[in-house]
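A.B. asks: coords below, sequence missing:
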């Protein structure tokens, strides 16, 4: 009778040991479970003591290993890459995003606006040289340099102002910015057409060339005005007390993510 009882107990224990999966978490805790699904970022399982109960979900980043009922072991790796911060020898990584702007950023925006004013001078000079040139080649080179100068400088000036507006929520000079972009588009399209005609030695009327120079110079000035106005408005933003939201995301060497939200007070 005792031998029969021992056989029954051993049989029950064997079924329990063999029939269960063991989930080992990153913190060392073990869960006796029946794994039902392993997704991209999640693991679904049922508690082995209650197989008819609810389905539980774990993040893969929280799981170190699963030992299945057949004895096979699987090391769990999260799908997201584990980026290591070289400045942190412990192996943790951190991504910090702070919404703020400094006085040097505002100064750089103001400088960009001044450059917009200044660029009107060489553009006008190059266009004048194009009109006075008697040779198609010389005229084409001067016109090309003028077009290239406007094509590069205007987007850079406008881009600097846009970035500052996004960080400070100021408006800048909207009307000047809108008209500046319209003139920029007209000038660039017509200038490229004029350069193409010049390359085939077709005469481009001097009045057209002068008009393109005027429109291009106005475009640069208006976009510069918007940048300067943005900088002036941003100075008031920096001088006033404000609360800046911050977001910090970090991951330790085991792959576990930690996210924290905070605020930065500026006086």
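C.D. replies: Structure received. Since this is a predicted model, take the numbers as computed values, not measurements.

A.B. asks: Going by C-alpha atoms from here, please, whenever you check contacts or count neighbours.
C.D. replies: Noted.

A.B. asks: Quick one: residues in contact with stretch 22-41.
C.D. replies: Identification of contacts with stretch 22-41 by CA atoms under 8 Å, 6 or more residues apart in numbering yields 20-21, 43-49, 51, 59-69, 78-79, 254.

A.B. asks: Go ahead and build a ChimeraX selection from the buried members of the residues you listed.
C.D. replies: Buried residues among the contacts of stretch 22-41 (16 or more other CA atoms under 10 Å), as a ChimeraX selection:
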select :20,21,43,44,45,46,47,48,59,60,61,62,63,64,65,66,67,68,69,78,254
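
A.B. asks: Which parts of the chain are helices?
C.D. replies: Assigned by DSSP state H, the helices in the chain fall at 2-19, 103-132, 136-168, 174-199, 206-239.

A.B. asks: Please tabulate the ones you listed in a markdown table and include distance to residue 37 and mean neighbour count as additional columns.
C.D. replies: Listed next are the helices of the chain as a markdown table, based on distance: least, CA to CA, whole Å; neighbours: other CA atoms under 10 Å:
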| stretch | distance to residue 37 | mean neighbour count |
| --- | --- | --- |
| helix 2-19 | 16 | 11 |
| helix 103-132 | 51 | 20 |
| helix 136-168 | 44 | 19 |
| helix 174-199 | 55 | 17 |
| helix 206-239 | 52 | 22 |
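
A.B. asks: By mean pLDDT, show me the worst of those.
C.D. replies: Ranked by mean pLDDT, the helices of the chain end with helix 2-19 at the bottom, a mean of 49.

A.B. asks: Show the contacting residues for the nearest residue to residue 146 once chain neighbours are set aside.
C.D. replies: Of all residues not flanking residue 146 in the chain, residue 123 sits nearest, at 5.2 Å (CA to CA, 6 or more residues apart in numbering). Contacts for residue 123 were tallied using CA under 8 Å, 6+ apart; they are 146-147, 149-150, 213, 216-217.

A.B. asks: same check, this time on residue 198
C.D. replies: 136, 140, 204.

A.B. asks: cool, residue 52 as well?
C.D. replies: residue 46.

A.B. asks: any idea how far it is from residue 46?
C.D. replies: 8 Å (CA to CA, to the nearest Å).

A.B. asks: now, which of the contacts of stretch 22-41 lie within strands?
C.D. replies: The strands, defined by DSSP state E, take in 21, 43-47, 59, 63-67 from these.

A.B. asks: For stretch 127-147, which outside residues touch it?
C.D. replies: For stretch 127-147, using CA under 8 Å, 6+ apart, the contacting residues are 122-123, 126, 188, 191-192, 195, 198-199, 201, 206, 209-210, 213.

A.B. asks: now for it, what's the gap between its first and last residues?
C.D. replies: End-to-end for stretch 127-147, by CA to CA: 9 Å.

A.B. asks: Who are the contact partners of residue 105?
C.D. replies: Under the criterion of CA under 8 Å, 6+ apart, the neighbours of residue 105 are residue 164.

A.B. asks: This completes my enquiry, with thanks.
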